[in-house]
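[1] sequence first, predicted model second:
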Amino acid sequence: MSTSVNPEHIITQLKRIVESDKRSEIRLNANGGNSILLVCPPILEFQYIEKLVEMMPLDTYHIIDINEMLISFVEAHQTDLAEMFDLLRGSVHQIFKAPEGETTPDLFKHLLMAIEQTFNASKIPVLIHSGALYGSGIDNIHLMENELVMKSKFPLIILYPATQDGEQLMFLNSRPASKYRCMIVN
């Protein structure tokens, strides 16, 4: 395995950036944003997750599993979701990310709440299994441009399974990804 796809090497590089006095470097590289996309080849995502769990100290980082959050959300709202699927056939993405101003529970609000709780505990949130968001209407840019993330003193880290197609980052090797409000580590 070359160092360019060695999870341990890349996570060490990530920790060096986050834990150094160079946090302003994150905002500079992220066009004022406060997020880091830890890009991994989709086929190596589970190896990266194993290394993140192994290498991220619990007193500094908190890993948020989006797969588990999606499953919990669906289990908790089964009845409502069935009705919403019938009601929103043309806008299924609104089930997981309600339009601005709506107060109905959605996955996006749950995700933001988990990030906020992590910030309030003075820890750095690390999102894993971000592929669970594919097709949900929640994109990385929605998280990266959220005021909660933009104004936090801690960065948001997202493990991001993607490939590089020329200059374009392709989420799950299938959809172009925004790199505007984030620093890329790969």
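    It's in. Residues are numbered from 1 along each chain as shown.

[2] correct me if wrong: Arg23 contacts Pro155.
    Yes - when contacts are counted by C-beta atoms under 8 Å, Arg23 is listed as touching Pro155 (7.0 Å). The C-beta positions use only the backbone N, C-alpha and C, and glycine is treated the same way.

[3] with neighbour numbers in mind, choose between the two.
    Pro155 (23 against 15; other C-beta atoms under 10 Å).

[4] which residues touch that one?
    Contact analysis of Pro155 by C-beta atoms under 8 Å, 6 or more residues apart in numbering lists Val18, Arg23, Ile26, Asn34, Ser35, Ile36, Ile124.

[5] need the next SSE after whatever helix or strand the third one lives in, C-terminal direction.
    By that I understand Ile26. For Ile26, the element it lies in under DSSP states H and E is helix 23-29. Later in the chain than helix 23-29, the nearest helix or strand by DSSP H and E is strand 35-40.

[6] check which helices and strands that next one sits against.
    In terms of contacts (3 or more C-beta pairs under 8 Å, 6 or more residues apart in numbering; DSSP states H and E), strand 35-40 is packed against helix 7-19, helix 45-55, helix 140-144, strand 156-165, strand 182-185.

[7] quick one: mean pLDDT over the third one.
    It stands for helix 140-144. Taken as a whole, helix 140-144 carries a mean pLDDT of 92.

[8] for whichever helix or strand comes after it, packing partners?
    Using DSSP H and E, the helix or strand that follows helix 140-144 towards the C-terminus is helix 147-151. Judged by 3+ C-beta pairs under 8 Å, 6+ apart, helix 147-151 is in contact with helix 107-120.
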